[in-house]
Every structure is written in structure tokens, then in C-alpha cells.
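Novice: This is a predicted model, with the sequence first.
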Amino acid sequence: MTGRSGRGVFGKLFAKKQSNRDERATEIGMPTNVKQHIHVSKNSETGMLEGLPSSWQRLLNTQITPAEQHENPDAAAAAVKFHIYTIKKEKAPNEPFKPFVTEQAITEEDLEIEKLLDKKNAHQSQDSDLSFGQSSEEDAPGESYSHRQTMPAQPTKHSMKKKDAMMDLTAIVEDLTMIGHEPEESPILRKKEIANATLTDEEIYEELRKICNKDDPYVRFERAKDLGAGASGVVFVAIDSKDNSRVAIKDIDLTKQSRKDLILNEINVLKGFNHKNLVNFLDAFLSYDHLWVAMELLDGGSLTDVVTEVVMKEGQIAAVCRETLQAIAFLHSKGTIHRDIKSDNVLLGMDGSVKVTDFGFCANIVGDEKRQTMVGTPYWMAPEVVTRKQYGKKVDVWSLGIMAIEMIEGEPPYMKETPLRALYLIAAVGRPKIPRWENLSANFQDFLDKCLQVDVDLRATADELLAHPFLECAMELRTLTPLIKAAQKILHKNYD
Ligand SMILES: Nc1ncnc2c1ncn2[C@@H]1O[C@H](COP(=O)(O)OP(=O)(O)OP(=O)(O)O)[C@@H](O)[C@H]1O
């Protein structure tokens, strides 16, 4: 929901590397001017990495202790990769609007990420005149990541899969610090047809005009109130002059979208989804360079507003779990994983209706096919996503379990930790400790146990959870209304 700020040492490293790449574009074949080589190695006795730039060493040693690195190198590696990627992602062009992402779109996304983290390019650039070791306090990696922010996809480094995890971590650090090594072979990427990938902008606009409603949105809708801005555009309340209904509209400036072709595919996918527990797509309108996507308006705000301000009863938590599970089960039945289930993406109506939104990270899968892209928001991520094992639909069930903890505690586990450390803890600890566990009913405890199984085979499916006895205590949805009103009063929010 909020943007990142500050880039810390990683941003600086990357900026420098980028400029080195640019120089090389015109100087291919020129001898490189290697000013500093850093040899990174693992201390065989302590298991710790040595020889890192001091700022990196501080990052690892302040956020992931040497003992933790030694004990859980896989988890440490996954956490560091996350941090690197989020910083690098800042250099990437604007994200395309992705209400639903198809398998093809994610393939494209993977390619983008591979490009961003292209080891080969990094290693070609050996003219490392970075002032490692001269890093000042300002070089220390700051907390540059919003805690509730969705994390983009993580690369799949096929070439690294077989290495031991600590060596893997060394390789990542080497990559970023441009320590000279022979270039590795690039990973072999899946070849897939990318629909519309070859269309020109004009052809894309032409296609969009065909699938969009012909009405002029500026005439048809009266803009009433801004609700907020996300990565792809502003969302506002509008009055539809056709029937005086109130809708939510996302205004996407197409000139700022790097992948307009994906929008075409995604609007088509959106049109095919309709469920009482999803924030449903109503229509799309095109006016010059602006695409307006009209959705159902949820005037109760997000579940986050409620969980952070009000204490919920078990019966109310059960009701929200049931409604959310219905949305998840529907998506799963369509072969879709949401991959970003959290309270921010559950919107409420004033009548207590509960609807899942933000399908920007949905993956379309076939049957039990597993994906291997790291997507989601760190605190809600399933361990198998963090450790980049193959994962499937049950990642949504884990995230639902974390969302249930939000409803108990007001926030997910590790929220007070940095994302880097939270990722490490998810991977290393597995099932989080739930405060005041003994105060929960036996049914609720069992429900949470079934959501938060690290072993995916033991974790319940969404359908199985819909039959869980915990949901039998669900209170009526209208009992959520006073909670919503109380939260809105505290937060001075209204949708009129
Ligand atoms: N259909 C809707 N009804 C009511 N409020 C909505 C609706 N859709 C979005 N909002 C609100 O509008 C704001 C912006 O939403 P948007 O989805 O663009 O961004 P975001 O979720 O904050 O970030 P991101 O770009 O990562 O998705 C949020 O506060 C969200 O809760």
C-alpha cells in the first residue's frame, strides 16, 4: 500500500553496476580495470561468511546472527536474496497493471527478473572500483521496505539449485559485489508463446477499444472521492449516472505502463471471474491514454483497518475466515492461486460482506502444477515460497492462517522485525508461535494447526477447511458492522 523509500547500500551498489554496464556497452573488448578483488569464503570452523564488504557484513551480522547463518544457511540465503531483489526492483520500469496474471504473464515476469539479476552481465563487469571497506554509516542498509508492501516475484536460479545453501549465499553476495569469476552459463528459460507480446502500442489500443465499454467514462461517471493510490493507479469512488450506483474505479495511466499488452489479457481474464466473495470487475473504459477499471465498491474499508483497531471475537474471525476461504476455494477451482492473501487484500462492505481483492499476483496453474516464483508479502509468505521450493495452491491456506493471527493479534508474526529478518524466521522457524494460544478454543487451535503446517502435504486444502468445525461458530456477517464503524471512526475514514 505504501512505497519504498531510500536505497541504502544495495541501491548504491546497483547504481554503480548499472553505470559500469552502460560504459561497457561502448567498450566491448576493452581490458577491465579491476581495482579491487574481494575474496568471499566460508569459515570452515564458524560457518560464517568472511571477506564481505563491511556494509554487507553488518547487514548479515546485525539482522541474521552468525549462529543463525550457520544453523540455517538456506533460510539466510533466501532472506538475503529477497532483500537484494527488492532493491534491484526499484531500478525496474513501472509495473504493469495486473488484476490477474496469467501463466504467460508470469513467464514474462520471470524473464524480467532474470534480466535484473543477470549473473552473466554482472560478472562481465569486473571493473570493480567500488569503495568497499570505505563504507560509512550511511552505507548501512536501511529499512527501505514497507512492512505491508507486496513483494514482487523472486527469480528462479536454476543454475544454483544444486549448490549448498551457504555457497549459494556466497554466490549472491559475489554477484552484487562484482567479485570477478568466470561467467556462469545462463539458466535455460522455459520457452512460451507470450500472447500479444509483439503487438505495437497502436494495435494494443485498438484491441483495448474493442473490449472496453464504448461510453465516455468522464461523461458517465461522477468522481466523488479518492480512496488511495496503488502501484498502477489511483482508486476513487464514482457515481454511475446510468443507475446512480456507486462504484470503485481504478484509473490507470497507460503511458506509464511498460507492458500494455498484459492489460489486454488480464481484462479478459477478469471478465470471466465472478464470485460473491471476490471484489468483482464491472467494466472497463478507455479514454485517450487512461483506462478506467470499474469494480464493486466496498465501503467498509480493508480488514486491516479492523484488525489494527478493534478486538475481534472468535465467531467474527470464523465468519471472515469462511468468506475468505470461499473466495480462495473458488479461485483454486479455476486453477488460480491468489498468492497475496492478507488483511489488506480483504475488503469489507458496511453490511459485513467480505471480499478478496488485488489479484495482481494470481498465478494460473493447471491441475497440481507447482510454481517456483517468490511472490507475496513477506510476513504472510509460506515457508516453501521463501525457500523457493516448488509451491502450489496451499500457499493461500498458509497466508489465511497468518491472516487469522492478524485477527487475533492485530498484526502478523514478525511484523516488528525487518522484512529480511522476517523472511529468515519464516524459513528457519516454520510454524510461528501464536501468542495467547491457550486462550483459543480447541477448534480454533486445530484450524490454525491445519493452515500452518510447514509440510505442505499435511496442510489442509481450502475445501477441507470449509468443512472444519471451527467455522460452525461463525457469527452473522452483520456483526462485523459495528467493528467496521468503530475502526472508521478512529481512522477518520468514510466512503461518502
Ligand atoms: N473496490 C474497492 N472498494 C473500496 N476500496 C478499494 C477498492 N479497491 C481498492 N480500494 C482501496 O483503494 C486504495 C488503493 O487500492 P489499490 O489496489 O490501487 O492499491 P493498493 O492495494 O494500496 O496497492 P497495490 O498497487 O500494491 O495493489 C486502497 O486503500 C484500497 O483498499
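Specialist: Arrived safely, thanks for sending.
Novice: Just want the residue of the stretch 101-250 of the chain that's nearest the ligand.
Specialist: Proximity to the ligand, evaluated over the stretch 101-250 of the chain using CB to the nearest ligand atom, is greatest for residue 230 at 2.2 Å. Heads up, the C-betas are built off the backbone N, CA and C, glycines and all.
Novice: That residue and residue 344, how far apart?
Specialist: According to CB to CB, to the nearest Å, residue 230 and residue 344 sit 10 Å apart.
Novice: These two: who's more crowded?
Specialist: For residue 230 versus residue 344, the count of surrounding residues by other CB atoms under 10 Å is larger for residue 344: 22 against 18.
Novice: I'd guessed that one sits against residue 302; true?
Specialist: Yes. Assessed by CB atoms under 8 Å, residue 344 is found in contact with residue 302 at 5.5 Å.
Novice: What segments of the stretch 301-450 of the chain are strands?
Specialist: 336-337, 346-348, 354-356, 363-364, 374-376 (DSSP state E, counting those that start in this stretch).
Novice: just the stretch 151-300 of the chain next, same as before
Specialist: Using DSSP E, counting those that start in this stretch, the strands found in the stretch 151-300 of the chain span residues 151-154, 221-229, 234-240, 246-253, 281-287, 290-296.
Novice: who touches both of residue 344 and residue 302?
Specialist: The overlap between the contact sets of residue 344 and residue 302 (CB atoms under 8 Å, 6 or more residues apart in numbering) is empty.
Novice: can you list the residues of this structure near the ligand?
Specialist: Neighbours of the ligand within the chain, by CB under 6 Å from any ligand atom: 1, 150, 227-228, 230-232, 235, 248, 250, 279, 295-298, 302, 347, 357-358, 360.
Novice: How many neighbouring residues does the closest residue in space to residue 459 that isn't next to it in sequence have?
Specialist: Excluding its sequence neighbours, the residue lying closest to residue 459 (CB to CB, 6 or more residues apart in numbering) is residue 453, at 4.0 Å. Residue 453 has 20 neighbours, counted by other CB under 10 Å.
Novice: again, but for residue 214
Specialist: 8.
Novice: any idea how far the ligand is from the residue nearest to residue 445 when sequence neighbours are not counted?
Specialist: Leaving aside its chain neighbours, residue 445 sits nearest to residue 437 (6.8 Å; criterion: CB to CB, 6+ apart). Distance from residue 437 to the ligand, counting by CB to the nearest ligand atom, to the nearest Å: 31 Å.
Novice: Ok, residue 286 next?
Specialist: Residue 286 is 18 Å from the ligand, by CB to the nearest ligand atom.
Novice: That residue against residue 207, yeah?
Specialist: No. Between residue 286 and residue 207 there is no contact under CB under 8 Å: 10.3 Å.
Novice: I'd say residue 290 and residue 251 touch.
Specialist: Yes. Counting by CB under 8 Å, residue 290 does reach residue 251; the two are 5.9 Å apart.
Novice: Comparing the two, which shows the higher neighbour count?
Specialist: The neighbour count for residue 290 versus residue 251, taken as other CB under 10 Å, is higher for residue 251 (20 against 15).
Novice: what residues are up against the more buried one?
Specialist: Residue 251 touches 233, 234, 235, 236, 290, 291, 292, counting by CB under 8 Å, 6+ apart.
Novice: is it fair to say residue 460 lies in a strand?
Specialist: No. According to DSSP: H, G, I helix; E, B strand; the rest coil, residue 460 belongs to no strand; its state is coil.
Novice: Pull the number of nearby residues for residue 228.
Specialist: Residue 228: 10 neighbours (other CB under 10 Å).
Novice: For this protein, give me the ranges with low pLDDT.
Specialist: In the prediction, the chain carries residues with pLDDT under 70 at positions 1-44, 46-59, 81-197, 231, 259, 262, 265-266, 268-269, 359-376.
Novice: Where do the domain boundaries of it fall?
Specialist: The chain resolves into domains spanning 6-197, 201-296, 303-491 when parsed by automatic domain parsing.
Novice: Is there a neighbour count for residue 465? I'd like the number.
Specialist: Neighbours of residue 465 (other CB under 10 Å): 22.
Novice: Please, which helix or strand holds it?
Specialist: Secondary structure from DSSP states H and E places residue 465 in helix 462-466.
Novice: Now that helix: buried residues?
Specialist: For helix 462-466, the neighbour count (16 or more other CB atoms under 10 Å) marks 462, 465 as buried.
Novice: packing partners for that helix?
Specialist: The helices and strands touching helix 462-466, judged by 3 or more CB pairs under 8 Å, 6 or more residues apart in numbering; DSSP states H and E, are helix 314-333, helix 394-409, helix 442-451.
Novice: if you set the cut-off to 7 Å instead, what comes out?
Specialist: In terms of contacts (3 or more CB pairs under 7 Å, 6 or more residues apart in numbering; DSSP states H and E), helix 462-466 is packed against helix 314-333, helix 394-409.
Novice: of those, which approaches residue 77 most closely?
Specialist: Ranking these by proximity to residue 77 (CB to CB) places helix 394-409 first, at 19.6 Å.
Novice: what sits up against that closest one?
Specialist: 307, 312, 317, 320-321, 324-325, 328, 337-339, 341-343, 376, 379-380, 382, 385, 412-413, 434-435, 448, 451-452, 456, 459-462, 465 (CB atoms under 7 Å, 6 or more residues apart in numbering).
Novice: quick one, what contacts residue 358?
Specialist: Per CB under 7 Å, 6+ apart, neighbours of residue 358: 340, 345.
Novice: hmm, I was thinking of residue 201
Specialist: Shown in contact with residue 201 (CB under 7 Å, 6+ apart): residue 260.
Novice: Tell me which of the helices and strands packed on helix 462-466 lies nearest to residue 473.
Specialist: When the helices and strands packed on helix 462-466 are compared by CB to CB, helix 314-333 sits nearest residue 473, at 5.1 Å.
Novice: C-alpha coordinates for that closest one, PDB please?
Specialist: In PDB, the C-alpha atoms belonging to helix 314-333 read as follows (Å, rounded to 0.1, in the frame of the first residue of the first chain):
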ATOM      1  CA  GLU A 314     -13.700 -15.900  17.600                       C
ATOM      2  CA  GLY A 315     -17.100 -16.100  16.000                       C
ATOM      3  CA  GLN A 316     -16.300 -13.000  13.900                       C
ATOM      4  CA  ILE A 317     -12.900 -14.300  13.000                       C
ATOM      5  CA  ALA A 318     -14.600 -17.600  11.900                       C
ATOM      6  CA  ALA A 319     -17.000 -15.600   9.700                       C
ATOM      7  CA  VAL A 320     -14.200 -13.800   7.900                       C
ATOM      8  CA  CYS A 321     -12.200 -17.000   7.500                       C
ATOM      9  CA  ARG A 322     -15.200 -18.800   6.000                       C
ATOM     10  CA  GLU A 323     -15.900 -16.000   3.500                       C
ATOM     11  CA  THR A 324     -12.200 -15.700   2.500                       C
ATOM     12  CA  LEU A 325     -11.900 -19.400   2.200                       C
ATOM     13  CA  GLN A 326     -14.900 -19.400  -0.200                       C
ATOM     14  CA  ALA A 327     -13.100 -16.900  -2.400                       C
ATOM     15  CA  ILE A 328      -9.900 -18.900  -2.200                       C
ATOM     16  CA  ALA A 329     -11.700 -22.200  -3.000                       C
ATOM     17  CA  PHE A 330     -13.400 -20.600  -6.000                       C
ATOM     18  CA  LEU A 331     -10.000 -19.300  -7.300                       C
ATOM     19  CA  HIS A 332      -8.400 -22.700  -6.700                       C
ATOM     20  CA  SER A 333     -11.300 -24.400  -8.500                       C
END
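Novice: buried residues in it?
Specialist: 314, 316-332.
Novice: same deal with stretch 234-252?
Specialist: By 16+ other CB under 10 Å, the buried positions in stretch 234-252 come out as 235, 236, 237, 238, 240, 246, 247, 248, 249, 250, 251, 252.
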